[in-house]
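Peer 1: Provided below for reference: sequence and predicted model.
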Amino acid sequence: MQNYDVIIVGAGHNGLVCAAYLAKAGLKVKVVERRSAIGGAAVTQEFHPGFRNSVAAYTVSLLQPKVIADLALHEHGLRIVERRAQNFLPTLDGDYLLVGESRTAREIAKFSQSDAARFDAFNREIDAVADVLRHVVLQPPPNIADGFGLRAWTEVLKALRVGNSLRKLSMPERRALLDLFTLSAGDYLDRWFEGPLLKALFGFDAVVGNYASPYTPGTAYVMLHHAFGEVNGKKRIWGHALGGMGAITQAMAKAARQYGAGIEIAAGVSEIVVEADRAIGVILEDGRMLRGKAIAAGINPKLLYTKLITPDALPAGFLARIKHWRCASGTFRINVALSTLPQFSASPATGVEDHHTSGIIMAPSLDYMDRAYHEARTLGASREPIIEMLIPSTLDDGLAPRGAHVASLFCQHVAPELPNGRSWDDERETVADLMIGTVDRYAPGFAASVVGRQVLSPLDLERDFGLIGGDIFHGAMTLDQLFSARPMLGHADYRGPIAGLYHCGAGAHPGGGVTGAPGHNAAKVIAGDLRRSARGMARWP
């Protein structure tokens, strides 16, 4: 039997971040991963001979600069390049919106002088709220504790500190904060703008990975969540990790190993062992048992508590509630190998232009997105889907053979579970054809240029990566599953209901995206608990 200070279940990016920080603190750490590759959903693979791409997660902005600096990820090979333009929204009638540094206001003015005049004020409001919340994401939220003991008062003081940080906001900005946490993105954007393409630009951030209409209450927060990011010191922009998203997790793994952490792949956990109301180890699928003073899970909380822990080891009320943890993102992922660069009718080009390096959003209005959601709920897949396409080979020529390209298609909306008992295994390729055909309407000849493809339905994302219902956030980012309620009131401090068990994945605060924040925050809590435990044992006679 092998003994460790901390065993981490799952070698996704948050698990690796947690492992690196704990090993850096001098603890003996072991990471066990079910899949045959590290990285979880942030992984790069060859999916067609000569063509490599980010398989699931596909773009970078939310990765915490503190994590990059603390773990020296650049020294371990990570390099992130900026898109030459941020987003391109073409229409079928020949118009387009192309946004990015120094060009956005001019582009908006093509459609509405009023929107162009209001755009700076909109950004100031978003930035004011996002700047305050950026500090909140790197610390545990106030935890609702039972009773009136020391722990409860500690959480009260934490809540006061968070409240004090909000004092930096003016009263109009505090009202905006309330709106962004409670309103739909559609209602919020309709207050600001009149142009459908401009509203679609921000509305996409509200529904990406989120099985909802942009007019669903709470989607304004998901939009705000995507404004927390930065690339190379520039806020609210997106970039590409050279080598794909797997380059991020490879750098994290190198850092963790340099500090002394062990990482084992093809080592799935079949059970977390609980003795005397404490998590004391894990049993692997091959029968081995590993023992640890602390067990940290980077997987979806619903998967953790309904599959890896015996029900009688959990408080009945906790188990009943976690079974209702909502997981659904309406996501359908396709990676395509292309013989040639797509050419859009709205902006013909002879070579690689700035718009080819951007996030290409094919969803021209909030109403279009709303219809896509309701069609998916009724039919299983929207007949006019929302698609964001990235062509990372325009920034990273190592992903495809010379003259060829790879593209990521992040497609919505599809039902996590198809109606009437239909199976995604039967309908996967039909829906993939629909998605590729949709892109072909905007870029004629696209379908004919596809020489290979990798298709991942919500069921595939669940089976391959443990993303229940295809949920890329490990749980819906709604008000009842955020901040002190993530994953549940009373357990927002990264500690589970069983002593010695911790949450270090996106199912904990601050939630989804390739951020590293949950892993960073959980590591601080775990290291502190183990230090206090060691001091207590040293005093024990």
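Peer 2: Looks like it came in fine.

Peer 1: angles on the backbone of residue 264, please.
Peer 2: phi -120, psi 130 (degrees, to the nearest 10).

Peer 1: quick check: it touching residue 34?
Peer 2: No: the pair residue 264 / residue 34 is not scored as a contact, 10.4 Å apart, by Cβ atoms under 8 Å. C-beta here means a position set from N, CA and C on the backbone, and glycine is covered the same way.

Peer 1: which parts of the stretch 351-500 of the chain are strands?
Peer 2: Residue ranges of the strands in the stretch 351-500 of the chain, as given by DSSP state E, counting those that start in this stretch, are 359-362, 381-390, 405-414, 450-456.

Peer 1: compare those and give me the one nearest residue 53.
Peer 2: With Cβ to Cβ, the closest approach to residue 53 among the strands of the stretch 351-500 of the chain belongs to strand 405-414: 4.5 Å.

Peer 1: what packs against that closest one?
Peer 2: strand 51-54, strand 332-338, helix 366-379, strand 381-390, helix 424-442 (3 or more Cβ pairs under 8 Å, 6 or more residues apart in numbering; DSSP states H and E).

Peer 1: and the angle for it with strand 450-456?
Peer 2: Orientation check (axes from the mean of the first three to the mean of the last three Cα atoms, to 10 degrees): strand 405-414 against strand 450-456 gives 40 degrees.

Peer 1: so what strands line up beside strand 405-414?
Peer 2: Sheet pairing of strand 405-414 (DSSP bridges) gives strand 332-338 (antiparallel), strand 381-390 (antiparallel).

Peer 1: nearest to residue 238, of those strands?
Peer 2: Nearest of those (Cβ to Cβ): strand 381-390, 9.2 Å.

Peer 1: and the closest one, what's buried?
Peer 2: 381, 382, 385, 386, 387, 388, 389, 390 (16 or more other Cβ atoms under 10 Å).

Peer 1: now for those residues, which pair is the farthest apart?
Peer 2: 381 and 390 (21.2 Å).

Peer 1: pLDDT below threshold where in this structure?
Peer 2: Residue ranges of the chain with pLDDT under 70: 145-160, 536-541.

Peer 1: let's see 50
Peer 2: 538-541 (pLDDT under 50).

Peer 1: sorry, back to before: in JSON lines: the helices and strands packed on strand 405-414, plus distance to residue 233.
Peer 2: Formatted as JSON lines, the helices and strands packed on strand 405-414 follow (distance: least, Cβ to Cβ, whole Å):
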{"stretch": "strand 51-54", "distance to residue 233": "23"}
{"stretch": "strand 332-338", "distance to residue 233": "30"}
{"stretch": "helix 366-379", "distance to residue 233": "32"}
{"stretch": "strand 381-390", "distance to residue 233": "22"}
{"stretch": "helix 424-442", "distance to residue 233": "33"}
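
Peer 1: what sits against residue 533?
Peer 2: Residues in contact with residue 533 (Cβ atoms under 8 Å, 6 or more residues apart in numbering) are residue 293.

Peer 1: how long is stretch 341-355 end to end?
Peer 2: Length of stretch 341-355, first residue to last, Cα to Cα, to the nearest Å: 12 Å.

Peer 1: what does stretch 37-52 give?
Peer 2: So stretch 37-52: terminal residues 15 Å apart, Cα to Cα.

Peer 1: what does stretch 41-51 give?
Peer 2: Span of stretch 41-51 from end to end, Cα to Cα: 18 Å.

Peer 1: just the buried residues of it, please?
Peer 2: So stretch 41-51, judged by 16+ other Cβ under 10 Å, has buried residues 41, 42, 43, 44, 45, 47, 48, 51.

Peer 1: which of the residues you listed fall within strands?
Peer 2: 44, 45, 47, 48, 51 (DSSP state E).

Peer 1: gap between the first one and residue 306?
Peer 2: Per Cβ to Cβ, to the nearest Å, residue 44 is found 31 Å from residue 306.

Peer 1: ditto for residue 350
Peer 2: 54 Å.

Peer 1: please say which of these two ends up with more neighbours.
Peer 2: Counted by other Cβ atoms under 10 Å, residue 350 and residue 306 do not tie: residue 306 has more neighbours, with 16 against 7.

Peer 1: doesn't the more buried one fall inside a helix?
Peer 2: Yes: under DSSP: H, G, I helix; E, B strand; the rest coil, residue 306 falls within a helix.
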